[in-house]
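**Q** Got a predicted structure here, sequence first:
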Amino acid sequence: MVEVAKILLEFILVFLIVYLGYYFLSYRKIKKFDRKKMPVNVKYLVFKYNIDVVKLGYKRVCKTLMLCDSFIIAIVFTVTRFIDNIYVRLLVAFILIFPVFAGIYHLVATFYKKESE
């Protein structure tokens, strides 16, 4: 039981560190919507899922994606925590990161599609 609590605490700590890093480094710089200066994750939602960022609110979409990115990084870190060899850990993280990103972003896109209708 103590080991599960340690893992959960580590997950929360990684999530908070990544989220605060995103917040202070990128979110505070966002002023208004500019199609040329959009972050890559917002461009992905716009081009792949045809999300209307202006209608939903640019800052709101950016904040949601910040939460999702922090969650994804914390999940991958926690899952690969048990691997001791650094090269194998990097390989497993590299293999896991793309399907997890695609799945979470698909859920976010379907949520925003339903909300915009």
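**A** Structure received.

**Q** quick check: longest helix of this structure.
**A** Within the chain, and with DSSP state H defining each element, the longest helix by residue count is helix 86-116.

**Q** By mean pLDDT, flag the weakest helix or strand of the chain.
**A** When the helices and strands of the chain are scored by mean pLDDT, DSSP states H and E, helix 53-56 comes last with a mean of 88.

**Q** same for that helix, what does it pack against?
**A** When contacts are defined as 3 or more CB pairs under 8 Å, 6 or more residues apart in numbering; DSSP states H and E, helix 53-56 sits against helix 40-49, helix 86-116. To be clear about C-beta, it is placed using only N, CA and C from the backbone, and glycine gets the same treatment.

**Q** Can you lay out those as JSON lines showing mean pLDDT, mean neighbour count and distance to Y22?
**A** Below are the helices and strands packed on helix 53-56 laid out as JSON lines (pLDDT from 0 to 100; neighbours: other CB atoms under 10 Å; distance: least, CB to CB, whole Å):
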{"stretch": "helix 40-49", "mean pLDDT": "91", "mean neighbour count": "14", "distance to Y22": "11"}
{"stretch": "helix 86-116", "mean pLDDT": "94", "mean neighbour count": "13", "distance to Y22": "15"}
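
**Q** Looking at those, which is nearest to F15?
**A** Within these, the stretch nearest F15 is helix 86-116; the backing value is 13.4 Å (CB to CB).

**Q** helices or strands up against that closest one?
**A** helix 40-49, helix 53-56, helix 58-79.
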